[in-house]
Every structure is written in C-alpha cells, then in structure tokens.
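Student: Sequence and predicted structure are below.
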Amino acid sequence: MPKIIENLRENLIARTRKTLLEEGYDAVTVRGIAKSCNTAAGTVYNYFPSKDDLIAYAILEDWLAEVARIRHAVETCPDLVAGFKAILDGIAEFNLRYAATFRQSGVALNGPSFAARHHMLRDQIVELMRILEGRFDYRPTVTAEKVMAESLLSGATHDWPDEELIPLLEKLIG
C-alpha cells in the first residue's frame with residue numbers, strides 16, 4: 001500500500017521555494033526536492049509536469065502573497081502617492097527576491113507565453129490601482145490605467161527613482 005504524505009504538494013512547493021531562494025535555480029532538481037520531502041521523483045511529477053512548473057508554482061504563491069500585502073497597504077494608505085509607492089515597493093521587493101532566478105532560468109522574455117503572463121501581471125496591478133481610484137476618487141481612462149500599471153512595473157524592475165516616476169503617474173490622472 002502506498003504511503004500517504006500529508007500536505008505533500010504544499011511541502012514540495014515550500015521546499016522548492018527555500019532551495020530556490022537559498023541556493024538558486026540550478027540547485028532545484030525534481031529528484032532533490034523529492035528526496036528532501038521523503039518521496040519519489042515520480043510522485044513529484046504527479047503534481048508538477050516539470051521542474052519549471054514546480055518553480056513557477058513556488059514563485060506564483062510568493063507573488064500572490066505579495067499582492068495580498070500590497071492590497072492591504074493600498075487599502076490603508078493615507079493618500080494616493082503612498083498607494084503608488086506601496087505598489088511600486090511591493091513589485092520591487094518581489095523582483096529583488098527572485099532576480100537571480102529570473103536570470104538563471106533562461107526564461108525567454110518574448111513570445112506568446114511571456115506576453116500572456118505580462119498582461120496578467122499588468123491587469124493585477126491595474127486592479128490594485130482601482131482600489132486607489134475608489135478610495136481617492138480619480139478616474140483615469142482604461143489606456144491611462146494600463147500605462148500607469150506598465151510604468152509601475154517598469155519602474156520597480158528597472159529601479160527608476162520614485163521621485164520622478166510618481167509625479168508622472170499623477171499627471172496621467174489628469
């Protein structure tokens with residue numbers, strides 16, 4: 001009779017995240033993660049089709065946790081500028097945490113898969129900005145929202161100065 005390991009999927013993801021952040025992308029192997037969770041590599045493949053899928057789930061869980069932190073900051077910020085800064089800082093913190101992984105993984109920064117993920121990310125940022133829109137009563141156009149979200153994403157990932165970026169965002173509000 002096969003052994004049942006409680007919370008195996010969550011343990012695989014947690015071990016992958018720990019290995020990824022402490023040792024890097026190349027240190028994550030399905031065999032190594034399986035061994036550290038006292039299971040077989042084949043069992044890991046029952047949950048995740050590949051190493052990259054396993055890593056993607058680990059990163060996704062962290063991103064969703066970061067979005068929840070950003071959402072709380074946006075819901076409680078004292079003003080619009082502080083809200084923009086909370087979004088910018090959250091994205092930057094996440095990007096910094098996984099910068100080495102993004103470089104090492106060799107993920108192509110083009111093509112339909114990247115474009116689809118990028119649009120999903122931008123739309124998540126727009127949703128965070130809409131909380132600010134409701135709280136501080138401003139109504140940018142849909143295009144302005146997308147430009148603002150792209151600017152926040154680019155600013156966070158390219159370390160643009162807040163004191164230059166945020167006034168530009170305010171101008172887009174109109």
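Tutor: Perfect, I can see it now. Quick caveat: nothing in here was measured; it's all calculated off a predicted structure.
Student: What helix or strand is the residue nearest to residue 26 when sequence neighbours are not counted located in?
Tutor: Of all residues not flanking residue 26 in the chain, residue 104 sits nearest, at 6.4 Å (CB to CB, 6 or more residues apart in numbering). For the C-beta atoms, the positions are set from N, CA and C on the backbone; glycine is no exception. Assigned by DSSP states H and E, residue 104 belongs to helix 80-105.
Student: My guess is the residue nearest to residue 26 contacts residue 20. True?
Tutor: No. Checked against CB atoms under 8 Å, the pair residue 104 and residue 20 is beyond contact range at 9.5 Å.
Student: Neighbour count: the two, which is higher?
Tutor: residue 20 (25 against 14; other CB atoms under 10 Å).
Student: Dead centre of this protein: give me the residue that sits there.
Tutor: By CA atoms, centre = their mean, the chain has its centre lying nearest to residue 63, at 3.3 Å.
Student: what's the closest non-adjacent residue to that residue?
Tutor: That would be residue 94: by CB to CB, 6+ apart, it lies 6.2 Å from residue 63.
Student: Next, count neighbours for that neighbour.
Tutor: Applying other CB under 10 Å, we find 20 residues neighbouring residue 94.
Student: same question, the one 5 residues further on
Tutor: Other residues near residue 99 number 11, with proximity taken as other CB under 10 Å.
Student: How confident is the prediction for it, by pLDDT?
Tutor: Note for residue 99: predicted pLDDT of 87.
Student: same deal with residue 52?
Tutor: 86.
Student: The residue nearest to it when sequence neighbours are not counted: what's it in contact with?
Tutor: Counting by CB to CB, 6+ apart, residue 105 is the residue found nearest to residue 52 once chain neighbours are left out, at 7.2 Å. Neighbour list for residue 105: 25, 52, 55 [criterion: CB atoms under 8 Å, 6 or more residues apart in numbering].
Student: Around residue 141, count how many other residues there are.
Tutor: Neighbour count of residue 141, defined by other CB under 10 Å: 11.
Student: give me the element the nearest residue to residue 160 once chain neighbours are set aside is part of.
Tutor: Distances taken as CB to CB, 6+ apart put residue 154 closest to residue 160, at 6.9 Å, once the chain neighbours are dropped. Following DSSP H and E, the helix or strand that holds residue 154 is helix 142-157.
Student: helices and strands around the worst-scoring helix or strand of the chain on mean pLDDT, which ones?
Tutor: Every helix and strand of the chain was ranked by mean pLDDT, DSSP states H and E. The lowest is helix 111-136, at a mean of 87. Judged by 3 or more CB pairs under 8 Å, 6 or more residues apart in numbering; DSSP states H and E, helix 111-136 is in contact with helix 51-76, helix 80-105, helix 142-157.
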